[in-house]
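A.B. asks: Need coordinates for the following:
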Amino acid sequence: MPPAPASTSSLALRLRLQRNGEIILGPGRADLLTHIAQTGSIAAAGRRMGMSYKRAWVLVDSLNATFRQPLVLATKGGAGGGGARLTPLGEHLLAAYRALEAATASAGAAHLSEIEAALAVPPAPKASYDAPNDH
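C.D. replies: Purely as a prediction, here's the structure:
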C-alpha cells in the first residue's frame, strides 16, 4: 500500500514514472503488484482493486513487457490451481518505487503545506431541498 502522508495536508502527491510519455510505473500498477504479492493471484489482486480480470492481465502484460525481465510470473490453472508471484526483479522494483514515493512525500511536505495555505476555502456543500409535491 502507499506510504502514509508525510503531513496532515489534504493535498496529495501521486508519483508516476514515465518514459517517452508512457506511464511505466505508478500508484495503480504498484498497488496491483502489491496485491499480487499478497494474494498469489492476478484475478484476486484485480478484484481487490475493483478492476476486471482482463484489465489486471493487460497491466501485468504491460509491466512484463516494459522491463528487461518479467515482474510477475503466472502459472496456468488446472487441478492444482494457477497462481502468480512477483519475480525477484518485481519485488526489487516495487520496493524501490515505494521508497521513492516515501522520499517524494517527505521532500514535498513543506511545499504542499505552502500550497495548501494559499488555497481558497472551499464553499460549504449546498443543502439539498426537495420541495414537497403540491399536486
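A.B. asks: Please make it C-alpha for all contacts and neighbour counts, starting now.
C.D. replies: Noted.
A.B. asks: buried sites along stretch 74-93?
C.D. replies: By neighbour count with 16 or more other C-alpha atoms under 10 Å, stretch 74-93 contains the buried residues G83, A84, R85, L86, T87, G90, E91, L93.
A.B. asks: how long is it from one end to the other?
C.D. replies: One end of stretch 74-93 sits 18 Å from the other (C-alpha to C-alpha, to the nearest Å).
A.B. asks: Can you tell me what sits against it?
C.D. replies: Stretch 74-93 has contacts (C-alpha atoms under 8 Å, 6 or more residues apart in numbering) with L33, I36, A37, G40, S41, I42, Q69, P70, L71, V72, L73.
A.B. asks: roughly how far out does it sit from the chain middle?
C.D. replies: 19 Å (C-alpha atoms, centre = their mean, to the nearest Å).
A.B. asks: what's the average pLDDT for it?
C.D. replies: Mean pLDDT, stretch 74-93: 87.
A.B. asks: ok, now stretch 110-119?
C.D. replies: For stretch 110-119, mean pLDDT rounds to 91.
A.B. asks: Give me the pLDDT value at L11.
C.D. replies: The score at L11 is 84. That number is its pLDDT.
A.B. asks: do the same with T8
C.D. replies: T8 is assigned a predicted lDDT (pLDDT) of 58.
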